[in-house]
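Asker: Sequence and predicted structure below; questions after.
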Amino acid sequence: MSKSFEGKTALVTGGTSGIGKATAVAFAAAGAKVVLTGRREKEGKQVVAEIERGGGAAAFFQADFSKEADVKAAVDFVVTTFGRLDVAFNNAGVESVVPLSEITEEKYRAVFDINVWGVLSAMKHEVAAMLKTGGGAIVNTSGIFGHVGAAQVTINVGSKHAVEGMTKCVALEFAKQNIRVNAISPAAIDTDMIDRFAGKEGAARDALIARHPVGRLGKSEEIAAAVLYLCSDAAKFTTGTSLKVDGGWLAQ
């Protein structure tokens, strides 16, 4: 793989599994020094070990991105450990399937505190770090539910629409300061999260696969490739947008 991120430092939140893990590994393979965060220390250290076995440089920082103190500490750790922050992938998030009649403030906050406030506070501290070294690139995880609605996922859909809006606003605020901010919008990706949502097999999973015109679920590595593109010099004229990597879902 091309070492297109040689000399750069990347932060990947929610980096212990799935899309986050695949993206952390991809950044390291492209030459970046990587800090990944998450709540699960064991899994985080396993990802670091995998990257190091491949000759890369990485570190894990345990953090709950629903708490701004943890967010700030994570960004500070990146700068202290590797000297700078160049790219960030704000991928930490949770899913929610709740009928309207069963929505409570607690269930709302469980999603919005991390999917919305976590992304917003991450951008706040990441931008501050990037400004000190001349700029950078940020990618936020949105999803198809940042563009359409669906029954019984009101909280989740609302949170992803918020990510889309915040991405545009921060991109505009810092466009002249060499900081690009974009979102990535996957459809269903073959991860543990999808297993929880639709099961590993059966009618629900088959129905989900059928929603994708390409006839399959996406792979974490395919989303990682799109994130690296948005963070690369090849996308220097791209900011404030959302790249849909969805197997054709939103074209229907």
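Answerer: Perfect, I can see it now. Residues are numbered from 1 along each chain as shown.
Asker: I figured L11 hits D76, correct?
Answerer: No - counting by C-beta atoms under 8 Å, D76 is not a contact partner of L11; they are 11.1 Å apart. No exception for glycine: its C-beta is placed from N, CA and C like everyone else's.
Asker: where along the stretch 101-250 of the chain do the strands fall?
Answerer: Using DSSP state E, counting those that start in this stretch, the strands of the stretch 101-250 of the chain run over residues 136-141, 179-186, 242-245.
Asker: can you put those strands in CSV and add mean pLDDT?
Answerer: Output for the strands of the stretch 101-250 of the chain, formatted as CSV (pLDDT from 0 to 100):
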stretch, mean pLDDT
strand 136-141, 98
strand 179-186, 98
strand 242-245, 98
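Asker: deepest of the ones you listed, which one?
Answerer: Mean neighbours per residue, mean count of other C-beta atoms under 10 Å, is largest over those for strand 136-141, with a mean of 27.
Asker: Could you tell me how far that strand lies from the centre of the chain?
Answerer: On the basis of C-alpha atoms, centre = their mean, to the nearest Å, strand 136-141 sits 8 Å off its chain's mean C-alpha point.
Asker: Give me the residues contacting it.
Answerer: The contact list for strand 136-141 (C-beta atoms under 8 Å, 6 or more residues apart in numbering) reads 14, 19, 85-91, 93, 119, 123, 126-127, 129-130, 163, 166-167, 170, 178-184, 186, 227, 230-232, 235.
Asker: What strands line up against that strand, and which way round?
Answerer: Pairing partners of strand 136-141, with direction, according to DSSP bridges: strand 87-90 (parallel), strand 179-186 (parallel).
Asker: buried subset of the contacts of strand 136-141?
Answerer: Buried members of these, counted by 16 or more other C-beta atoms under 10 Å: 14, 19, 85-91, 93, 119, 123, 126-127, 129-130, 163, 166-167, 170, 179-184, 186, 227, 230-232, 235.
Asker: Report the central residue of the chain.
Answerer: Nearest residue to the geometric centre of the chain (C-alpha atoms, centre = their mean): N91, 2.1 Å.
Asker: from the middle of its chain, how far away would the longest helix belonging to the chain be?
Answerer: Taking DSSP state H as the criterion, the chain has its longest helix at helix 154-173. For helix 154-173, the separation from the chain centroid amounts to 13 Å (computed by C-alpha atoms, centre = their mean).
Asker: what comes up buried for it?
Answerer: Buried residues in helix 154-173 (16+ other C-beta under 10 Å): 154-164, 166-168, 170-171.
Asker: So which residues make contact with it?
Answerer: 93, 95-98, 100, 103, 107-108, 111-112, 115-116, 119-120, 123, 127, 138, 140-143, 145-150, 180-183, 239-240, 242.
Asker: follow-up on the earlier one: same list (the strands of the stretch 101-250 of the chain) but as TSV, adding distance to E6.
Answerer: Shown next, in TSV, are the strands of the stretch 101-250 of the chain (distance: least, C-beta to C-beta, whole Å):
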stretch	distance to E6
strand 136-141	15
strand 179-186	19
strand 242-245	24
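Asker: closest one to S220 among those?
Answerer: strand 179-186 (9.1 Å; C-beta to C-beta).
Asker: Could you write out the alpha-carbon coordinates of that closest one in CSV?
Answerer: What follows is strand 179-186, C-alpha atoms only, in CSV (Å, rounded to 0.1, in the frame of the first residue of the first chain):
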residue,chain,number,x,y,z
ILE,A,179,-9.5,22.2,7.8
ARG,A,180,-11.8,20.0,5.7
VAL,A,181,-14.8,18.3,7.3
ASN,A,182,-16.8,15.6,5.6
ALA,A,183,-19.1,12.7,6.5
ILE,A,184,-19.2,9.1,5.4
SER,A,185,-22.6,7.4,4.9
PRO,A,186,-22.5,3.6,4.9
